[in-house]
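Undergrad: Fold the following and give me the result.
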Amino acid sequence: MLVKSIVALPLIFVFAGASPAFGLEDCPGVTLGKSSPTGTTPWVYSSCKVENSTGTTEFYFVIRLNSDDTIQSVLNAGTNLTPPPTGTVVELGPQDGDFGTHTKDMGVGYTGDCTEVDDAKGEKPAAVADHTYCGRVKVASGDVVAKATFNGTTFSDYSIKHGAAQATQATQVPTLPLFGLGILVTLLGLFGLRKLRQ
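TA: Below you'll find the predicted structure:
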């Protein structure tokens, strides 16, 4: 019995449970359009909808060129977006009101995913040709991010993505310290019993 216990001890492993991590998925129906049939500046939007922080009204997350040649990310009711968003509506829940809405000029050649932008709340950076701009809000499932490159007149290479919970792989951790402790207790018990018999 003692030998079986000693052999079994190294086979003990602890598996850390899968924990959620947030990845990004494309929002459906990403569109380059405008605010209304009479709008004159480009807007990028999708079928992803975000509720206001109180959860009472739904909005589309938009990155747009303003008439004063600034770039801004906003939540828009979407009643007049032209053309209207297409595809299945993805409801992402309430916005984190404390985090707010961020818009940042990332310069030329930016290749990130905009999830690091957390220092541009309420900003409207100037529109500069060939610069990439990030917009970001937070919801319960993670981030909603817009990324668009301004070419001097309109947006190119644009996307809107949202956070999605993904399970991380369970991590196998050998319990070597427990194995050593088990051997120590076994040896102490074995030698202790021998001394008592003498």
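
Undergrad: Count the residues that sit near the spatially closest residue to Thr154 that is not a sequence neighbour.
TA: Using Cβ to Cβ, 6 or more residues apart in numbering and skipping the chain neighbours, the partner closest in space to Thr154 is Pro42 (4.4 Å). Backbone N, C-alpha and C define where each C-beta goes, glycine included. For Pro42, the neighbour count with other Cβ atoms under 10 Å is 20.

Undergrad: From Ala127, how far out is Pro42?
TA: As judged by Cβ to Cβ, to the nearest Å, Pro42 and Ala127 stand 10 Å apart.

Undergrad: residue contacts, the residue nearest to Thr154?
TA: The contact partners of Pro42, by Cβ atoms under 8 Å, 6 or more residues apart in numbering, come to Leu32, Gly33, Lys34, Arg64, Leu65, Thr154, Phe155.

Undergrad: at 7 Å instead, please
TA: Neighbouring residues of Pro42 by Cβ atoms under 7 Å, 6 or more residues apart in numbering: Leu32, Lys34, Arg64, Leu65, Thr154, Phe155.

Undergrad: And those, which of them are buried?
TA: Lys34, Arg64, Leu65, Phe155 (16 or more other Cβ atoms under 10 Å).

Undergrad: From those residues, pick the one nearest Ala140.
TA: Using Cβ to Cβ, Arg64 is the member of the buried ones among the contacts of Pro42 that sits closest to Ala140, with 25.0 Å.

Undergrad: follow-up on the earlier one: tabulate the buried ones among the contacts of Pro42 in JSON lines, adding columns for pLDDT.
TA: Below are those laid out as JSON lines (pLDDT from 0 to 100):
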{"residue": "Lys34", "pLDDT": "96"}
{"residue": "Arg64", "pLDDT": "97"}
{"residue": "Leu65", "pLDDT": "97"}
{"residue": "Phe155", "pLDDT": "97"}
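
Undergrad: So which helix or strand of the chain has the lowest pLDDT on average?
TA: One helix or strand of the chain scores below all others by mean pLDDT, DSSP states H and E: strand 13-16, with a mean of 39.
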